[in-house]
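[1] Fold the following.
(one chain, ligands or ions: 1)
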Amino acid sequence: MADAPSAPPDLPGYVPVHSGKVRDLYAPVDERTGEARGDLLLLVASDRISAFDFVLDSPIPDKGEVLTRMSLWWFEQLADLVPNHLVSTDVPDAVAGRAVVVRRLDMLPVECVARAYLTGGGLREYRADGTVSGIALPDGLTDGSRFPEPLFTPSTKAPSGQHDEPMDYAAVESALGPDLAARARDLTVRIIARGNEVAAPRGIIVADTKVEFGVADGDLVLADEVLTPDSSRFWPAEQWEPGHPQPSYDKEFVREWLLSPASGWDKASGEAPPPLPDDVVERTRAKYVEAYERLTGSTF
Ligand SMILES: C[C@H](c1ccccc1)n1cc(-c2ncnc(N)c2C#N)cn1
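    Numbers count the residues shown, from 1 in each chain. As a prediction, this is how the structure comes out:
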């Protein structure tokens, strides 16, 4: 049964630390002291889905488990590049399969975003002043243009409900120091490059992605989720055509239905979207499963 979109599940033995749009963070309780432990966290992926900046009322069954398995798989694929925060998949039954125990890290105050293609907020900035996160780009690029090399396009970590703001590299150096900034940039770009090396032959483009790093013993450690459709833009490779918005691999059915007369929803109204019809939920679930099976070669 998917958890309610607004209420993260109570988990005996854990205290809620933070609730995001589609994920929830808990701290294990130390059985001896009854206090929240300071060294571990439980990262739970819900079945919630967001679209047009709304968390929808319709959970997507198995979404949390599919994306958790996808992150676990990517952590293995990236283990030669960067250590990660995983400690265990031994989690409460209530969140079995869609939660991981992780090492609590000192998280960087920077959203480490890399873009292999121009779209979204990067495209808006490019059209306004020919740059993305302060990086000057050549003229003539369009929606969906592929960059010769992925760009590091970091942003701030805005408070919930607000939008992250682009950071130029100097701002990242000010925030992290030149050494950590350089390491974060290098790793972020390598991660999306590796992601596309793996995904492209499997029919998926990773247009851009956001990764989170923490620091432990002076080293950068990859945290949060990695190269999932929630942290990245996944595009179907066979439909890639620069010059217009690309279809989303995983949310196209949701977006198309919400924007269709059938939903009765007016995006400009600012009102929350209506619940999704069962067939849109099921087709969306199938796309998450398809992406997982294509990338990993495993059956969900
Ligand atoms: C953005 C993400 C989040 C998750 C779930 C709900 C809302 C936000 N988050 C992850 C940490 C975090 N903090 C310390 N150590 C860690 N290993 C992690 C991780 N992962 C803090 N926030």
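
[2] May I have the secondary structure class of the closest residue to residue 149 other than its chain neighbours?
    Setting aside the residues directly before and after it, residue 149 is nearest to residue 189 in space (C-beta to C-beta, 6 or more residues apart in numbering), at 7.4 Å. All C-beta atoms are positioned from the backbone trio N, CA, C, and that covers glycine. With DSSP: H, G, I helix; E, B strand; the rest coil as the basis, residue 189 sits in helix.

[3] Name the helix or strand for residue 234, please.
    For residue 234, the enclosing helix or strand under DSSP states H and E is strand 232-236.

[4] can you check residue 124 too?
    The secondary structure element spanning residue 124 is helix 120-129 (assigned by DSSP H and E).

[5] quick one: the residue nearest to residue 149 and residue 150 touch, right?
    Yes - using C-beta atoms under 8 Å, residue 189 and residue 150 qualify as a contacting pair, with a distance of 4.9 Å.

[6] Quick check on these two: which one has the bigger neighbour count.
    In this view residue 189 and residue 150 are compared by other C-beta atoms under 10 Å, and residue 150 has more residues nearby, 22 against 18.

[7] can you pull the contacts of the more buried one?
    Residue 150 makes contact with 114-116, 189, 192-193, 196, according to C-beta atoms under 8 Å, 6 or more residues apart in numbering.

[8] run the last query once more with 6 Å
    The neighbours of residue 150, taking C-beta atoms under 6 Å, 6 or more residues apart in numbering as the test, are 114, 116, 189, 192-193.

[9] which one of those sits closest to residue 238?
    residue 116 (17.0 Å; C-beta to C-beta).

[10] Quick check: closest non-adjacent residue to that closest one.
    Sequence neighbours aside, residue 150 is the residue nearest to residue 116 in space, at 4.5 Å (criterion: C-beta to C-beta, 6+ apart).
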